[in-house]
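# Below are the sequence and a predicted model for it; my questions follow.
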Amino acid sequence: MDQRADSPVVAAFNGTAASGRALDWAADEARRRGLGLRVVYAFDWPLYHSPPRGLPGFDVDEFARRIVDEGRERALERVPGLDVRAVHVTGDPEPVLLTESQKAHSLVVGAHRMTALDRVLPDSTALELLACASCPVIVVPDREAAPFHGRVLLGVDGSRSARSATEWAFATAEAWGSRLRVVAVREETRWWRFGALEDPTWTLTEEERRAAEAEDARRTRRMVSQAVEDDRARWPGVRVEEAVETGHPVEALCAAARDCDLMVVGSHGRGGFAGMLLGSVSRNVISHSPVPVAVVRPPRR
């Protein structure tokens, strides 16, 4: 990780309820890690140098100061004595927060709830940050915070790009005094419209099918153990639970996170758009996870 050990936790705050929940989580995180908290409000009035018509006496800077003062007071009320710095930066949120991520331990943003489906929806700003930020980004769902369980979930898939997420998850579990649940998901055989990518299981005998599933499960368990082997030695005080689930990766990871405080996933998409850069599993667990999700990107070369 490139961030200095004393870098602050940065919280994006704009006065909304969703950003308030994110700020609360960020304040708790700064306390747990013994770091400072930097509250950032990025605001760019379309006609910055002209007061909007119909609002006599309106002052953009005064409005922004009220927002950052509200954020500072909220953080100090939640964690008295916390080192809090609150700033207003004029500019579009995406570039402002991407710049902030270069000198942050982590960047915390809120997500808005879609009540009809009971899911959260990262907006375009959050997706841009998740795909391009220089530090881990934590997306906090707009839901009531659950009691602290003392468990962090890490999703692994054996990829080299997941190493940074594994390292960050171990460090987080140690800082929180939590257990680390490491989960890999075995997907069921897929059948595509234009042909199978692998032999469908229904062409095998029952005995062959059971033997193939058992071998796949053993291979996945070995992958999980190997994925955390080095970090177990580096963080011997972290208690690790290894698990292999079967099903859709997003559904399985979200189910496994129900009694956790945080889900940590890597990002290794290959496309040219923000969502593809993020990776489909990482992008979708954010929308469905019952707990905050930390997306950790590999260091840039």
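Structure's in. What do you need?

# For the rest of this, base every contact and every neighbour count on C-alpha atoms.
Fine.

# Please pull out the lowest mean pLDDT helix or strand from this structure.
For the chain, using mean pLDDT, DSSP states H and E, the weakest element among its helices and strands is helix 274-278, scoring a mean of 37.

# helix or strand right after that one?
The helix or strand immediately downstream of helix 274-278 is helix 280-288, counting by DSSP states H and E.

# quick one: average pLDDT of that following helix?
Averaged across helix 280-288, pLDDT comes to 77.

# quick one: buried residues of it?
Taking 16 or more other CA atoms under 10 Å as the neighbour-count basis, helix 280-288 is seen to contain the buried residues 281-288.

# and it, what does it pack onto?
strand 119-121, helix 249-256, strand 293-296 (3 or more CA pairs under 8 Å, 6 or more residues apart in numbering; DSSP states H and E).

# redo that, cut-off 7 Å
Secondary-structure packing of helix 280-288 (3 or more CA pairs under 7 Å, 6 or more residues apart in numbering; DSSP states H and E): strand 119-121, helix 249-256.

# orientation of that helix relative to helix 249-256 in degrees?
Using axes from the mean of the first three to the mean of the last three CA atoms, to 10 degrees, the direction of helix 280-288 lies 50 degrees away from that of helix 249-256.

# Just the CA coordinates for helix 280-288, please, in PDB.
Presented in PDB, the C-alpha positions along helix 280-288 are these (Å, rounded to 0.1, in the frame of the first residue of the first chain):
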ATOM      1  CA  SER A 280     -18.500  -7.200 -12.100                       C
ATOM      2  CA  VAL A 281     -18.500  -8.900  -8.700                       C
ATOM      3  CA  SER A 282     -17.000  -5.900  -6.900                       C
ATOM      4  CA  ARG A 283     -19.500  -3.600  -8.600                       C
ATOM      5  CA  ASN A 284     -22.500  -5.700  -7.700                       C
ATOM      6  CA  VAL A 285     -21.700  -6.600  -4.100                       C
ATOM      7  CA  ILE A 286     -21.800  -2.900  -3.400                       C
ATOM      8  CA  SER A 287     -25.400  -2.700  -4.500                       C
ATOM      9  CA  HIS A 288     -26.500  -5.800  -2.500                       C
END
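
# How far off centre is it?
Relative to the chain's own centre, helix 280-288 is displaced by 10 Å; criterion: CA atoms, centre = their mean, to the nearest Å.

# again, but for stretch 227-241
21 Å.

# residues in contact with that stretch?
Counting contacts by CA atoms under 7 Å, 6 or more residues apart in numbering, the residues outside stretch 227-241 that touch it are 158, 167, 170, 173-174, 179-182.

# change it to 10 Å
Contact partners of stretch 227-241, identified using CA atoms under 10 Å, 6 or more residues apart in numbering, comprise 151-153, 156-160, 162-163, 166-183, 221, 223, 225, 242.

# Show the average pLDDT along that stretch.
The model assigns stretch 227-241 a mean pLDDT of 94.

# Let's see the distance spanning it from one end to the other.
Taking CA to CA, to the nearest Å, stretch 227-241 runs 13 Å from one end to the other.

# What of stretch 158-169?
Length of stretch 158-169, first residue to last, CA to CA: 15 Å.

# Can you pull out the low-pLDDT segments for the stretch 151-300 of the chain?
Within the stretch 151-300 of the chain, the set of residues satisfying pLDDT under 70 comprises 161, 188-204, 268-280, 300.
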